[in-house]
Structure formats: C-alpha cells, structure tokens
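Student: here is my input; please provide its structure:
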Amino acid sequence: MKALLLAVLAAVLCVERAHTLVCFSCKDASTNWACLTPVKCGEDDNHCVTTYVGVGLGSKSGQSISKGCSPICPSAGINIGIAAASVYCCDSFLCNISGSSSVKASYTILALGVLVSFIYVLRAR
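Tutor: Numbers count the residues shown, from 1 in each chain. Okay, the predicted model is just below:
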C-alpha cells in the first residue's frame, strides 16, 4: 500500500502542469499606463500581443495602444517618420508591458522637423 501511494505521489509531482499565459490587456488606450490590466489567456492563446499606432505632425499628435492574448504571432511594423505602426508579440508571463518596444524613431525626419522649426522661428522675427 505504501509503495502504491509513493508511486502515485511521484507521478503527481512529475506531471508537468499546463501553464496559462497571462498578458496585459487594453483596447485603444492613449498611454501605456492605461494598459496594465493583467488577463488570463485562453488555452489556444500562446502569445501576448501589443499593437501600437502613433502619428505626429506639429502640435497634432497621438497614439493608440492595444494589448491582449492571441493564438498567432502577427509581428510587423512600419515607420515613415510622422507615423508609425507596429505589432509586437512575446510568449512569457506579462511580457507585453512595453507600449512601443518595436517602434524606433526616424532620426532623419526628427532632425528635419527641428531644422524647419528653427527656420520658422528665425523668419518670424
């Protein structure tokens, strides 16, 4: 009887538990601070996904961040200087904490914007 109980105990301890992925979740938030609500993903969801869209032209700028769980990893991105969009995915516990980890600034466009601003200020005098 003791041998049977030990065998059952060993089998229970050796069985790997199925883990449930936990990701941050939000829909069309304007800041990353609004995207820090953890949710438990479904059995078929293997990835945490962050979608970022940002636009900036002069004083008109904005961004939209969405996060959640997904069964697929639709990683993609585009950056044209004044607008950027990216889809980033990862597959570990609360790994989608960053709001725009795969979006990089276009330094050429930023430098051009600073130059145009200086020219405008100098001509306005």
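
Student: report the contact partners of G68.
Tutor: Residues near G68 by CB atoms under 8 Å, 6 or more residues apart in numbering: C23, S25, C26, K27, V39, C48, V49. (C-beta placed from N, C-alpha, C; glycine too.)

Student: now it: how far from C89?
Tutor: As for G68, its distance to C89 is 10 Å (criterion: CB to CB, to the nearest Å).

Student: need the residues touching each of those two.
Tutor: C48, V49.

Student: could you pull out the strands for the chain?
Tutor: 22-29, 37-40, 47-57, 60-70, 76-79, 83-90 (DSSP state E).

Student: N96 is nearest to which of those strands?
Tutor: strand 47-57 (3.9 Å; CB to CB).

Student: for that closest one, packing partners?
Tutor: Using 3 or more CB pairs under 8 Å, 6 or more residues apart in numbering; DSSP states H and E, the elements in contact with strand 47-57 are strand 22-29, strand 60-70, strand 83-90.

Student: quickly note the distance from G62 to D28.
Tutor: Counting by CB to CB, the gap from G62 to D28 is 11 Å.

Student: the more surrounded of those two?
Tutor: More neighbours surround D28 than the other of G62 and D28, with 12 against 9 (other CB atoms under 10 Å).

Student: the more buried one and K67 touch, don't they?
Tutor: No: counting by CB atoms under 8 Å, K67 is not a contact partner of D28; they are 10.5 Å apart.

Student: that older thread, with mean pLDDT added, can I get the helices and strands packed on strand 47-57 in CSV?
Tutor: Converted to CSV, the helices and strands packed on strand 47-57 look like this (pLDDT from 0 to 100):
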stretch, mean pLDDT
strand 22-29, 95
strand 60-70, 90
strand 83-90, 89
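
Student: got a markdown table for the ones you listed, with distance to G54 too?
Tutor: Shown next, in a markdown table, are the helices and strands packed on strand 47-57 (distance: least, CB to CB, whole Å):
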| stretch | distance to G54 |
| --- | --- |
| strand 22-29 | 12 |
| strand 60-70 | 4 |
| strand 83-90 | 5 |
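
Student: any weak-confidence spans in this structure?
Tutor: Filtered on pLDDT under 70, the chain yields the residue ranges 1-19, 99-121, 123-125.
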